[in-house]
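Asks: have a look at this prediction, sequence included:
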Amino acid sequence: MVVLFCWILTADAWTGPDDDHGPESFRVVLQRLIRAARENLRPLKTFRVEQYPGRLYWYEVETALPDAVQCRIYEHPAMVYVCEMRTPPGITPQAVHAATVQRFSEALGVADWKVRRDSASVTTLEPVDATRNPQFSFRLTNTAVEVTIFSVTRPAFTPLPR
């Protein structure tokens, strides 16, 4: 009986590489989001939430960015994945904005992305190849940083002339 109890304790304490329930690294989550953006964010949708009265609705997601308060997918006016990032106490939202942009830039690499500062509160990471990679937008609000990932836009199909 004592041996079985000790075995259960050691089995519960094991968190090896096969543990699927632990937090994923930022790069793994980001690569999953990029792949999903190429498929119009369909792999991330779980269930639709509708707000009445009105026409506002969104989809809850199964993959959220680390340190995000909430993540949702909105369809209108465009298909976007929006996360609100936490602002730790004692740190200004401006510092969180700069750190978030820096974290994404380092994880994505500088070769395939251009950083554009639209204003003091909006920064955009634009892909060099917009048909393969999504666009990222970081918007600073009074209390948090909103990260928006746009789905990949494909060029319209034009048939070859005969």
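Replies: Looks like it arrived, so ask away. Numbers count the residues shown, from 1 in each chain.
Asks: helix/strand/coil for Glu24?
Replies: Look at Glu24: counting by DSSP: H, G, I helix; E, B strand; the rest coil, its state is coil.
Asks: what's the spacing between it and Val69?
Replies: Glu24 sits 18 Å away from Val69, going by Cβ to Cβ, to the nearest Å. For the C-beta atoms, the positions are set from N, CA and C on the backbone; glycine is no exception.
Asks: grab the longest helix from the chain for me.
Replies: Using DSSP state H to assign secondary structure, the helix with the most residues in the chain is helix 93-108.
Asks: in the sheet, which strands lie alongside the very next helix or strand once past that helix, parallel or antiparallel?
Replies: Next helix or strand after helix 93-108 toward the C-terminus (DSSP states H and E): strand 113-117. Using DSSP bridges, strand 113-117 pairs in its sheet with strand 122-127 (antiparallel).
Asks: give me the buried positions along the strand it pairs with.
Replies: The neighbour-count check on strand 122-127 (16 or more other Cβ atoms under 10 Å) flags 123-125, 127 as buried.
Asks: nearest to Leu140 among the residues you listed?
Replies: Proximity of the buried residues of strand 122-127 to Leu140 (Cβ to Cβ) peaks at Thr123, which lies at 8.4 Å.
Asks: in this structure that closest one contacts Val101, no?
Replies: Yes - with contact defined as Cβ atoms under 8 Å, Thr123 counts as touching Val101 (5.0 Å).
Asks: dump the buried residues of strand 122-127 to CSV, plus pLDDT and distance to Ala37.
Replies: Formatted as CSV, these follow (pLDDT from 0 to 100; distance: Cβ to Cβ, whole Å):
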residue, pLDDT, distance to Ala37
Thr123, 91, 18
Thr124, 91, 15
Leu125, 89, 12
Pro127, 87, 10
